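**Student:** only the shape, not the letters, is given here:
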């Protein structure tokens, strides 16, 4: 977590003078029908740029994997199901032959393991 103090903090009065602004590009909207029957085709509206990147872009950027393309056929992938609750996650993992938890990590090489009697 990063914390900013002084003029970079979120509540600083002069922060707008210090932090660069994102320029918004004009976007042409499709044909709109007016109530009087006329049409206005050239409405220029400033559309804000998305603040967050899509998750597929993040995975490709960080891990160099493309989850939006099928590895077998090269076609576009699509969502079939999303599991958000523990029982749904366990069901999906079992369906694909995976355990509910990852296997335990082996101890680091070169680390001394002492066997103490259990109380």
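**Tutor:** The structure has been received and is ready for your questions. This structure is a prediction, so every number in the text was calculated from the model and none was measured. Residues are numbered from 1 along each chain as shown.
**Student:** just give me the neighbour total for the nearest residue to residue 6 once chain neighbours are set aside.
**Tutor:** Distances taken as C-beta to C-beta, 6 or more residues apart in numbering put residue 12 closest to residue 6, at 6.7 Å, once the chain neighbours are dropped. Quick note: C-beta positions are derived from backbone N, CA and C, even for glycine. Burial of residue 12 is recorded as 15 neighbouring residues (other C-beta atoms under 10 Å).
**Student:** pLDDT weak spots in the protein?
**Tutor:** By pLDDT under 70, the low-scoring segments of the chain are 1, 22-48, 100, 102, 111.
**Student:** if you set the cut-off to 50 instead, what comes out?
**Tutor:** In the prediction, the chain carries no residues with pLDDT under 50.
**Student:** mind listing the helices for it?
**Tutor:** With helices called from DSSP state H, the chain shows them at 15-18, 55-63, 86-95.
**Student:** got JSON lines for these, with distance to residue 76 too?
**Tutor:** Below are the helices of the chain laid out as JSON lines (distance: least, C-beta to C-beta, whole Å):
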{"stretch": "helix 15-18", "distance to residue 76": "41"}
{"stretch": "helix 55-63", "distance to residue 76": "11"}
{"stretch": "helix 86-95", "distance to residue 76": "21"}
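**Student:** and the ones you listed: which comes nearest residue 77?
**Tutor:** Across the helices of the chain, residue 77 has its closest neighbour in helix 55-63 (8.9 Å, C-beta to C-beta).
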